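I'd like to go over a predicted model; first the sequence, then the structure.
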Amino acid sequence: MARISRGFHGRRPEVDPDRVPPGQYVTQDFPVLSAGPTPHTPLDEWSFSILGAVEKPVNWLWDEFKALPSETFTADIHCVTKWSKLDTTWTGVSLDTLLEQAEPKAKFVLAFCDGGYTTNVPLADLLGGRAWIAYEYDGQPLEPEHGGPARLLVPHLYFWKSAKWVRGIELHDHDEPGFWERYGYHNYGDPWKEQRYWND
Amino acid sequence: MWRYGTVTALIDETPHAKTIELEVPDWPGHAAGQHVDVRLTADDGYQAQRSYSIASAPEEPRLALTVERIDDGEVSPYLTGELRLGDELELRGPIGGHFTWRADDDGPLLLIAGGSGLVPLMAMLRHRAARSSEVDARLLVSARSLDDALYRDELETLAASDGVLLHHTFTREPPVGWTGFARRIDADMLRAVGPSPTARPRIFVCGPTAFVERADDLLVELGHDPATIRSERFGPTGG
Ligand SMILES: Cc1cc2nc3c(=O)[nH]c(=O)nc-3n(C[C@H](O)[C@H](O)[C@H](O)COP(=O)(O)OP(=O)(O)OC[C@H]3O[C@@H](n4cnc5c(N)ncnc54)[C@H](O)[C@@H]3O)c2cc1C
């Protein structure tokens, strides 16, 4: 049990513990976090691939990707730096739709991005209507600083897993930590269990 | 793992920013550029957490944080206004391994700070001095006014004795008679501060999100390889 901080009362925002994981507070802003400059990839140079241990590697160009069946969905997002944002609305293609075409043969996924960022997610967490490649936020094309033209969105994990500027995923037989996971962040990142850092 | 640090000194850096020096008995050491998470607990169990960069060099005996007061904030007014000598502060860390510089990583170094974004960059310069590193280091600090500029005297000393090339730019109220930069950062300013992209400097940019976005974009436009640029964005709202 933590000791009391003398004289601290806090702002005690009203949060719904069913929607806001422990240690998080709700913000109306949309903070930006990334480890380097924001990449700006022209759409005619953009593609999305599924590679590695798959039956059929797939690659979509921007127009092909935009022609795939899309979904508009609303989700709560939780950043490891303690903010949560409720009821965010996105449009994108479900990973179920994408992975169906590639036929994965392994259980571990490494997402890769413009700018060199990577993050690992178990395949199971991308299936079952729980993950998307999103290209619109609130009905508008996704802004570059928030990961546009497209980002992975896995709202049930901490937001660093929702890789910005995503360009593809690679299927692996072995789990391979991504960028922040190698720098001390938790391999899985469940906000409800506060899996922030390695030993959480 | 959460640890407790005892406040051993509180230093006014500017009218809005304080340095908190902590004695952390089981501190495992850190690299310049890393941060800690600070957790406050109210008497009814309510908790709030925020991240703060470490200002002190790894070589220094005490851990130092420098916190800028955000008037309508939850945590920074407590840390800069309520915390007293002898209080215990709960913290976790060090955290982060990307936004770090060690004297053995060579240079040249280009450090670009907006507001309290100077804190982790200061840890790098203090580390460079503690290790008597002679790596070419340049620092560009953007602050609203002289009153808002952190660590000014120490920076002047580092510039005079340790070969750090120091530039300030004052975006709102440059001091009377000031002949240096007095505007928001732009390409000409970054070109003047150098080094050129051909020198492949290790670049660290830290500050408010909009500042970092701008600085990073300018650096890439000037021809710096994005892979040489590391950035840390502070907030708003803790992220
Ligand atoms: C890795 C990391 C390192 C950091 N290091 C430092 C540091 O060394 N020193 C330091 O002072 N801060 C640092 N910060 C910012 C710090 O974590 C808090 O965000 C800041 O102290 C404000 O917290 P608060 O509880 O007072 O305000 P909150 O209650 O979170 O916010 C109150 C209001 O202030 C606005 N706000 C919040 N943060 C900022 C900001 N940074 N700039 C402008 N407006 C803001 C919010 O939008 C909101 O309207 C760091 C952040 C990160 C992610």
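Thanks, I have it.

Contacts only, for residue B:3.
With contacts taken as CB atoms under 8 Å, 6 or more residues apart in numbering or on different chains, residue B:3 has the following neighbours: B:24-27, B:90-92. Every C-beta, even on glycine, is put in place using the N, C-alpha and C of the backbone.

Look at it and report its pLDDT.
Looking at residue B:3, its pLDDT stands at 95.

Let me know the secondary structure of it.
For residue B:3, the secondary structure call by DSSP: H, G, I helix; E, B strand; the rest coil comes out as strand.

Residue B:28 versus that one, what's the distance?
The gap separating residue B:3 from residue B:28 is 9 Å, by CB to CB, to the nearest Å.

Does chain B have contacts with the lowest-mean-pLDDT helix or strand in chain A?
The helix or strand of chain A with the poorest confidence is strand A:25-26; it has a mean of 86 (mean pLDDT, DSSP states H and E). Yes - using CB under 8 Å from any CB of the partner chain, strand A:25-26 reaches chain B at residue A:25.

residues in chain A within reach of chain B, list them.
Selection of chain A residues close to chain B by CB under 8 Å from any CB yields A:2-12, A:23, A:25, A:27, A:29, A:31-39, A:79, A:81-83, A:115-116, A:145, A:179-180, A:182-184, A:197, A:199.

Would you enumerate the residues in contact with residue 109?
Went with chain A since none was named. A:120-123, A:126, A:169-172.

you looked at the wrong chain, it should be chain B
B:101, B:124, B:128, B:135-138, B:201-202, B:204.

Tell me which of the residues you listed fall in strands.
Taking DSSP state E, the ones among the contacts of residue B:109 that sit in strands are B:137-138, B:202, B:204.

And the strands in chain B?
Taking DSSP E as the criterion, chain B carries its strands at B:2-14, B:17-23, B:35-41, B:47-53, B:63-68, B:88-95, B:109-114, B:137-145, B:164-173, B:202-208, B:229-234.

Would you tell me whether the second one gets close to chain A?
If I follow you right, that is strand B:17-23. No - Strand B:17-23 stays clear of chain A (CB under 8 Å from any CB), getting no nearer than 12.8 Å.

got the angle between that strand and strand B:63-68?
Between strand B:17-23 and strand B:63-68, the angle comes out at 160 degrees (axes from the mean of the first three to the mean of the last three CA atoms, to 10 degrees).

And strand B:17-23, how far out from the chain middle?
13 Å (CA atoms, centre = their mean, to the nearest Å).

okay, now residue A:152: neighbour count?
Residues lying near residue A:152 (other CB atoms under 10 Å in any protein chain shown) number 25.

Could you pull up the contacting residues of it?
So residue A:152 contacts A:111, A:119, A:121, A:131-134, A:161-163, A:166, A:169 (CB under 8 Å, 6+ apart).

Surely it forms part of a helix?
No - per three-state DSSP, residue A:152 lies outside any helix segment and is strand.

who's in contact with residue A:164?
A:34, A:113, A:117, A:146-147, A:151.

Verify the contact between residue A:119 and residue A:180 for me.
Yes - using CB atoms under 8 Å, residue A:119 is in contact with residue A:180, at 6.9 Å.

Neighbour count for the two, which is higher?
Ranked by neighbour count (other CB under 10 Å), residue A:119 and residue A:180 place residue A:119 first, with 27 against 23.

Check the more buried one and give its pLDDT.
The per-residue pLDDT reported for residue A:119 equals 96.

Equivalent analysis for the one 4 residues further on, please.
Predicted confidence (pLDDT) at residue A:123: the value is 98.

Quick one: residues contacting it.
Contacts for residue A:123 (CB under 8 Å, 6+ apart) come out as A:99, A:104, A:106-109, A:171.

neighbour-wise, which of those residues leads?
The most crowded member of the contacts of residue A:123, judged by other CB under 10 Å, is residue A:109 (28 neighbours).

and that one, what helix or strand is that in?
strand A:108-113 (DSSP states H and E).

do residue A:119 as well
Residue A:119 is part of strand A:118-122, with elements assigned from DSSP H and E.

what packs against that strand?
If contacts are counted by 3 or more CB pairs under 8 Å, 6 or more residues apart in numbering or on different chains; DSSP states H and E, strand A:118-122 sits against strand A:108-113, helix A:179-182.

out of the contacts of residue A:152, who has the most neighbours?
residue A:169 (31 neighbours).

contacting residues around that one?
A:49-52, A:109-112, A:126, A:152.

Name the helix or strand for it, please.
strand A:166-172.

pLDDT on that strand, on average?
97.

For the ligand, what's the nearest residue on chain B?
Closest residue of chain B to the ligand, CB to the nearest ligand atom: residue B:73 (2.1 Å).

mind checking how far that residue is from residue A:26?
Separation of residue B:73 from residue A:26 (CB to CB): 15 Å.

can you check residue B:97 too?
29 Å.

So what are the sheet partners of the strand holding residue A:109 and their directions?
Here strand A:108-113 has these sheet partners by DSSP bridges: strand A:118-122 (antiparallel), strand A:166-172 (antiparallel).

helices or strands up against whatever helix or strand comes next after the shortest one?
Downstream of strand A:118-122, the next assigned helix or strand under DSSP H and E is strand A:132-137. Helices and strands touching strand A:132-137, as assessed by 3+ CB pairs under 8 Å, 6+ apart, comprise helix A:62-66, strand A:71-78, strand A:83-94, helix A:95-102, strand A:151-153.

who's in contact with the most centrally placed residue in chain A?
Note on chain A: the residue nearest the mean C-alpha position is residue A:162, at 1.0 Å, using CA atoms, centre = their mean. When contacts are counted by CB under 8 Å, 6+ apart, residue A:162 is found next to A:77, A:147, A:151-155.

what do you get if the cut-off is 10 Å, keeping everything else the same?
A:75, A:77, A:79, A:90, A:111, A:119, A:121, A:131-132, A:134, A:146-147, A:151-155 (CB atoms under 10 Å, 6 or more residues apart in numbering or on different chains).

now residue B:126
Contacts of residue B:126 by CB under 10 Å, 6+ apart are B:32, B:55-60, B:64, B:151, B:154, B:158.

what do you get for residue B:11?
Residue B:11 makes contact with B:17-21, B:64, B:66, according to CB under 10 Å, 6+ apart.

Please name the bridge partners of it.
If you apply DSSP bridges, the partners that residue B:11 bridges to are residue B:19.

how many neighbours does the residue lying closest to residue B:159 once chain neighbours are set aside have?
Spatial nearest neighbour of residue B:159, excluding adjacent residues (CB to CB, 6 or more residues apart in numbering or on different chains): residue B:166 at 4.0 Å. Residue B:166 has 19 neighbours, counted by other CB under 10 Å.
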